[in-house]
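S.K.: Sequence and predicted model, in that order:
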Amino acid sequence: MGGTQSAVVQKRLARFRPNELPLVEGVFDRLLAGPGAPSGTAALTLEMLQSSMGSLAPDSMVRRLYRCMCRIDPAPAAAGQSSAAASSAVSREQLVIFLADILRGTAEERAPLVMSMSQRGDEAGTSVPCEQLAEFLQDLISAVVQILVHRGLLQAWQPEKMGDQSQGVKLLAEQICSELRPSGQADHDVSSVEDWIFRMSQVSLYLEMLVAEGLNVSLGGRPAPTLLPPCKETPWKDLTSLLVDIPTLMFLAPQLPDSCSAPWRLVFSTQLHGESFTRMVSGLTKRGPTLLLIKDTKGHVFGAFASHAWETKPQFQGDSRCFLFTVFPRLRVYTATGYNEHYMYLNHGQQTMPNGLGMGGQHGYFGLWLDSDFGRGHSRARPKCTTYGSPQLSGEEDFTVDSVEVWAVGKPPKPEEDEEGGCKRSILDADLEVQAMMEMTGKTLHSQGFREPEED
């Protein structure tokens, strides 16, 4: 490009390290020399881009990228002058500006590109409807899923044994679009889109991944981002379909605390273990942080993240890192409000306290409750769960269970001291139900801390 570079292109190239420049500037020549490219051409055609990216992205997404590149003006018009019309092919300068703004740009620079990719056909306006942004996101997310499959980045997950990927794509696109701030009008202008991209890092992350993988631009030797948690010890041959799909995992995994980076392990599934509350409890306890997924007979899929290892006792447990969520018909997460500390509850086999698993709210009015008879549950939020601010998660307030999965998502806790032959429990610990009743009535636990005598 030499001394013919415009000031706009020189400014963009300055963002890259010296060792990255040949790679960035070489993309254009590599595409020109690709299979099917006519000899003697000096600009990129749609067919060249399709040849490079066809296996990694839907054709509709490739066309969006190409249309966006054609609309880039390498020499922006001065104030009062009209912008140049879209070109019929992509020049070297247009490609460089596109790469720089996608890979190293700000939200302000990416917003016009996202708007251009979202607008249909040859339309090019100053605003874009939410439905067109959702269509763009569906194409983008579909491309990312294809990249995960083709590049072997699935982390041992098997999409053919998981939920409906196309439905997951639509739900994730809708969730990301729901974060657009109301503009007071039906369409969103560039400032609204810029604010959205700034807050929703997934949009930039997915675009960077698509361009870096699709055009083979690996800057600084950085590997592709890890969008999925590792999966381990899952008996795939015995499973027909999980309650999660790849896009749902892409949504849920970033919601977990950083400490939950261990491989996901399926520790309970009604497909594998039957409808047994006792078996589910054995899968939950002593596993560390867990993710619970429930599908009711109305088709709603929802669940909860428990930040602590579950303990069977008639008292609330956990902390503010716990949350509730929905998967279908909408992807949403509901985090702790700080109103109370009723994060987790698990009780079984006692007479006076409720027996079952609950998260949020209070006894009889949990944000999510599974009764110990396993087949029944409720999600009572009038109008919202006090602990998590969640609405009703299930299809009906009192629901019937269709299927359940429990995933261990963190490191298992260390063995308790008394299990290793250390200190013994308090005398009151022998009857947790009595202890819970005393605490609820305000009685002082004078025996707390006293230990049973050591046995010979």
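M.R.: Structure's in. What do you need?
S.K.: got the contact list for the nearest residue to residue 395 once chain neighbours are set aside?
M.R.: Nearest residue to residue 395 in three dimensions, chain neighbours excluded: residue 298, at 2.7 Å (CB to CB, 6 or more residues apart in numbering). C-beta coordinates here come from the backbone N, C-alpha and C atoms, glycine included. The neighbourhood of residue 298, defined by CB atoms under 8 Å, 6 or more residues apart in numbering, consists of 394, 395, 396, 399.
S.K.: Ok, residue 153 next?
M.R.: Here residue 153 is in contact with 147, 224, 226, 227, 228 (CB under 8 Å, 6+ apart).
S.K.: The last one contacts residue 246, doesn't it?
M.R.: Yes: A contact is recorded between residue 228 and residue 246 when judged using CB atoms under 8 Å, the distance being 7.1 Å.
S.K.: okay, those two: which has more neighbours?
M.R.: Using other CB atoms under 10 Å, the more surrounded residue of residue 228 and residue 246 is residue 246, with 23 against 16.
S.K.: Return the distance of that one relative to residue 16.
M.R.: Using CB to CB, to the nearest Å, residue 246 is found at 32 Å from residue 16.
S.K.: one step back: now intersect the contacts of residue 298 with the strands, please.
M.R.: Using DSSP state E, the members of those that fall in strands are residue 399.
S.K.: Would you show me how to pick out the buried ones of the contacts of residue 298 in ChimeraX?
M.R.: The ChimeraX selection below is limited to those of the contacts of residue 298 classed as buried (16 or more other CB atoms under 10 Å):
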select :394,395,399
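S.K.: Which of the contacts of residue 298 fall within helices?
M.R.: Counting by DSSP state H, the contacts of residue 298 place none of their members in helices.
S.K.: can I get the contacts of residue 298 in CSV with pLDDT and distance to residue 388?
M.R.: Shown next, in CSV, are the contacts of residue 298 (pLDDT from 0 to 100; distance: CB to CB, whole Å):
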residue, pLDDT, distance to residue 388
394, 97, 14
395, 96, 19
396, 96, 19
399, 97, 17
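S.K.: Could you verify that residue 96 is part of a helix?
M.R.: Yes: Residue 96 sits within a helix when classified using DSSP: H, G, I helix; E, B strand; the rest coil.
S.K.: Once you drop chain neighbours, what's closest to residue 410?
M.R.: residue 289 (3.5 Å).
S.K.: actually residue 278, not the one I typed
M.R.: Per CB to CB, 6+ apart, closest to residue 278 is residue 348, 7.3 Å.
S.K.: Pull the contacting residues for the one you found.
M.R.: Taking CB under 8 Å, 6+ apart as the test, what residue 348 contacts is 277, 278, 281, 312, 355, 356, 372.
S.K.: of all the contacts of residue 153, which two lie farthest apart?
M.R.: For these, the maximum inter-member distance is 12.4 Å, found between 147 and 226 (CB to CB).
S.K.: Pick out whichever of those two has more residues nearby.
M.R.: residue 147 (22 against 12).
S.K.: Which pLDDT value belongs to that one?
M.R.: According to the prediction, residue 147 has pLDDT 95.
S.K.: That one is in what secondary structure piece?
M.R.: helix 130-150 (DSSP states H and E).
S.K.: right, and the helix or strand after that helix?
M.R.: helix 165-177.
S.K.: What helices and strands are in contact with that next one?
M.R.: helix 130-150, helix 246-252, strand 323-328 (3 or more CB pairs under 8 Å, 6 or more residues apart in numbering; DSSP states H and E).
S.K.: circling back: just want the angle from the helix holding residue 147 to helix 165-177.
M.R.: Angle, helix 130-150 to helix 165-177, by axes from the mean of the first three to the mean of the last three CA atoms, to 10 degrees: 130 degrees.
S.K.: Check the offset of helix 130-150 from the chain's centre.
M.R.: 14 Å (CA atoms, centre = their mean, to the nearest Å).
S.K.: buried sites along it?
M.R.: Under the neighbour-count criterion of 16+ other CB under 10 Å, helix 130-150 has 130, 132-149 buried.
S.K.: which residues in the stretch 301-450 of the chain form helices?
M.R.: Under the criterion DSSP state H, counting those that start in this stretch, the stretch 301-450 of the chain contains helices at 432-440.
S.K.: I am finished for the moment; much appreciated.
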